[in-house]
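1. With the sequence up front, the predicted model follows.
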Amino acid sequence: MQGLQIQRQLPVQVIYKGIAIRDPLYVDILVASKVIIEVKSTEKNQPIYETQILTYLRLTGVKLGLLSNFGNSHVKDGIARVVNGL
């Protein structure tokens, strides 16, 4: 996209009780350092998917995320907005 900074497979370090976890988590897509997009391709949305993106939002300080599941029969039915602290 023209004019937007896009980062893919961005590693996010997890710090637990002051200790860095060895393996980072990976955000699928970060747009303009403002929106995290998590991409799935499953027949059914699972609650864990929204928990996963909310974790990414909290770790990065980003406020808005989109969960996009391409496994639905209609793409519009597979998009969920996830907000952290707004």
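-> That came through, no problem. Note that this is a predicted model, so its numbers are computed, not measured. Numbering: from 1, shown residues only.

2. From the rest of the structure, what touches the worst-scoring helix or strand of the chain on mean pLDDT?
-> Lowest mean confidence among the helices and strands of the chain (mean pLDDT, DSSP states H and E): strand 15-16, at a mean of 84. By C-beta atoms under 8 Å, 6 or more residues apart in numbering, the surrounding residues in contact with strand 15-16 are Ile21. The C-beta positions use only the backbone N, C-alpha and C, and glycine is treated the same way.

3. Which residue, other than its chain neighbours, is closest to Leu64?
-> Val35 (5.1 Å; C-beta to C-beta, 6 or more residues apart in numbering).

4. Correct me if wrong: that neighbour contacts Leu67.
-> No - contact criterion C-beta atoms under 8 Å: Val35 and Leu67 do not qualify, at 11.5 Å.

5. distance between stretch 5-23 and the chain's centre?
-> Mean C-alpha position of stretch 5-23 versus that of the full chain (C-alpha atoms, centre = their mean, to the nearest Å) differs by 13 Å.

6. Ok, stretch 13-32 next?
-> Using C-alpha atoms, centre = their mean, the distance between the centre of stretch 13-32 and that of its chain works out at 12 Å.
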